[in-house]
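# Output the structure for:
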Amino acid sequence: MKCFVTGASGFVGANLVQALTARGHTVKALIRPDSDRSGLAGAAYEAVGADLQDRPALTAALRGCDWCFHVAASYHLWLPDYAPMYAANVEGTRSVLTAAADAGCQRIVYTSTVGCLALPEQGPEGVIPADESRTAPLEQVVKNPYKHSKWLGEEVARELAGQGMPVVIVNPSAPVGPRDSKPTPTGQIILDFLRRRLPAYLDTGLNWVHVRDVAEGHILAAEKGRIGERYLLGNGEGNWTLKQALDTLAEITGIPAPGFQAPYWLAYAGALAAEGWAKLSGQRPKAPLAGVRMARYKMFFDPSKAVRDLGLPQTPPRQALADAVDWFRPRAT
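Reported below is the predicted structural model:
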């Protein structure tokens, strides 16, 4: 297949390009001229440039492609002005998906996030992992501009699928692994751990999934996904607290895990102060308020649908963390 990938230099995008080319597919990669392309090293692809909202240019670039993977997103937990992020994640999504349909793509895979799903519920024996059957209510996401913009972007994808466009939605949980060159917030945790810059941790949790499984999940969604459906790309054994992940990193690396669990109120107060200073200085806060609010919940998820219907691989979370350590260790000095 001839494939078009937006956000190709990002964490998921780079691993997707690597997976597509390894399978013998040809790739057109939408990349900004100033992007770090280290995650694409070794892959054969054709780099193209176009603005996410330039629909005519996108349609021309997409012509002749069989599959379109819209992975690109503006991911920021704090910005002095969120308007460009909304423009990229909402109107950019409409532009790319419509251009792909106009160009005749057989499948269009839109990369959403588990942040668009309803929060896991608390049961008598602990957190009950959520799945893709329930969309987050607006009040859950509206205070987090990134989640809100992706929630609106997913609404666009669902609307266009309802109009007959061949759109399939995937919702990755918390990918970890190699080629996280930026890095992502999850990757930053691993990098800070290797640099011994994590004095404490919060009582939170994520669904940790190998980024290569997420990349394979995109391809499987193009091959087998049903139009208009969404598939949660996670790991059934990956619902770990942050402490469990840090203890596993300690076993892998020999570096001691932090022993102090910071109370939520302390992290919240620190984030408030950091954002107050950011408004005055223009410098990005190290711990944005949106990130601390997210950490209040254990984001545990159930990927059974994607495993059953798509055949989503389930690499052990420990292997995902070990592969991430191998990628970050030379960059931690």
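
# Could you pull up the contacting residues of residue 243?
Neighbour list for residue 243: 201, 203, 257, 261 [criterion: CB atoms under 8 Å, 6 or more residues apart in numbering]. Heads up, the C-betas are built off the backbone N, CA and C, glycines and all.

# Mind jotting down where the strands sit in the stretch 201-333 of the chain?
Ranges of strands in the stretch 201-333 of the chain, per DSSP state E, counting those that start in this stretch, are 205-210, 230-233, 239-241, 260-261.

# and those as a markdown table, adding distance to residue 222, mean pLDDT and mean neighbour count?
A markdown table is the format used below for the strands of the stretch 201-333 of the chain (distance: least, CB to CB, whole Å; pLDDT from 0 to 100; neighbours: other CB atoms under 10 Å):
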| stretch | distance to residue 222 | mean pLDDT | mean neighbour count |
| --- | --- | --- | --- |
| strand 205-210 | 18 | 98 | 27 |
| strand 230-233 | 11 | 98 | 28 |
| strand 239-241 | 27 | 98 | 21 |
| strand 260-261 | 42 | 94 | 10 |
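
# Would you check that residue 55 makes contact with residue 97?
No: between residue 55 and residue 97 there is no contact under CB atoms under 8 Å: 10.1 Å.

# So the two - more neighbours on which side?
Using other CB atoms under 10 Å as the criterion, residue 55 and residue 97 rank with residue 97 on top: 26 against 17.

# Give the buried residues for whichever strand or helix holds residue 84.
Secondary structure assignment for residue 84, by DSSP states H and E: helix 83-86. Across helix 83-86, burial judged by 16 or more other CB atoms under 10 Å covers 85, 86.

# Over to stretch 118-135?
Neighbour-count burial for stretch 118-135, with 16+ other CB under 10 Å as criterion, is recorded at 119, 120, 127, 129, 130, 131, 132, 135.

# how far away is the second one from residue 239?
It stands for residue 120. Residue 120 sits at a distance of 9 Å from residue 239 (criterion: CB to CB, to the nearest Å).

# so what sits against both of those two?
By CB under 8 Å, 6+ apart, the residues touching both residue 120 and residue 239 are 127, 129, 298, 300, 301.

# With respect to residue 32, which of the strands of the stretch 201-333 of the chain lies nearest?
Across the strands of the stretch 201-333 of the chain, residue 32 has its closest neighbour in strand 230-233 (24.8 Å, CB to CB).

# Below-threshold pLDDT in this protein: ranges please.
Regions of the chain meeting the criterion pLDDT under 70 are absent.

# run the last query once more with 90
For the chain, the stretches with pLDDT under 90 are 32-34, 49, 76-80, 122-126, 143, 264-268, 270-296, 332-333.

# all helices of it, in order?
11-22, 55-62, 83-86, 92-102, 138-141, 145-162, 185-194, 211-224, 242-253, 264-281, 289-294, 304-310, 317-328 (DSSP state H).

# what sits up against the third one?
Helix 83-86 is contacted from outside by 74, 76, 79, 145, 146, 148, 149, 152, using CB under 8 Å, 6+ apart.

# Pull out the buried residues from the residues you listed.
Buried by 16+ other CB under 10 Å: 74, 145, 146, 148, 149, 152, out of these.

# roughly how far apart are residue 60 and residue 33?
Counting by CB to CB, the separation of residue 60 from residue 33 is 18 Å.

# So between these two, which is more surrounded?
The residue with more neighbours, out of residue 60 and residue 33, is residue 60; 15 against 6, by other CB under 10 Å.

# Tell me who's in contact with that one.
Residue 60 makes contact with no residue under the criterion CB under 8 Å, 6+ apart.

# Am I right that residue 122 is in contact with residue 130?
No: applying CB under 8 Å as the test, residue 122 and residue 130 come out as separate, 11.3 Å apart.

# measure the nearest residue in space to residue 323 that is not next to it in sequence to residue 183 for me?
Of all residues not flanking residue 323 in the chain, residue 177 sits nearest, at 4.8 Å (CB to CB, 6 or more residues apart in numbering). Using CB to CB, residue 177 is found at 11 Å from residue 183.

# likewise residue 284?
Relative to residue 183, residue 284 is positioned 14 Å away (CB to CB).

# Show me which of those two is the more surrounded one.
Taking other CB under 10 Å, residue 284 and residue 183 do not tie; residue 183 has more neighbours (19 against 14).

# that older thread, can I get the helix holding residue 84 in CSV? Just the C-alpha atoms.
What follows is helix 83-86, C-alpha atoms only, in CSV (Å, rounded to 0.1, in the frame of the first residue of the first chain):
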residue,chain,number,x,y,z
ALA,A,83,-5.8,29.0,20.0
PRO,A,84,-3.1,27.5,17.7
MET,A,85,-3.5,24.1,19.4
TYR,A,86,-7.2,24.1,18.9
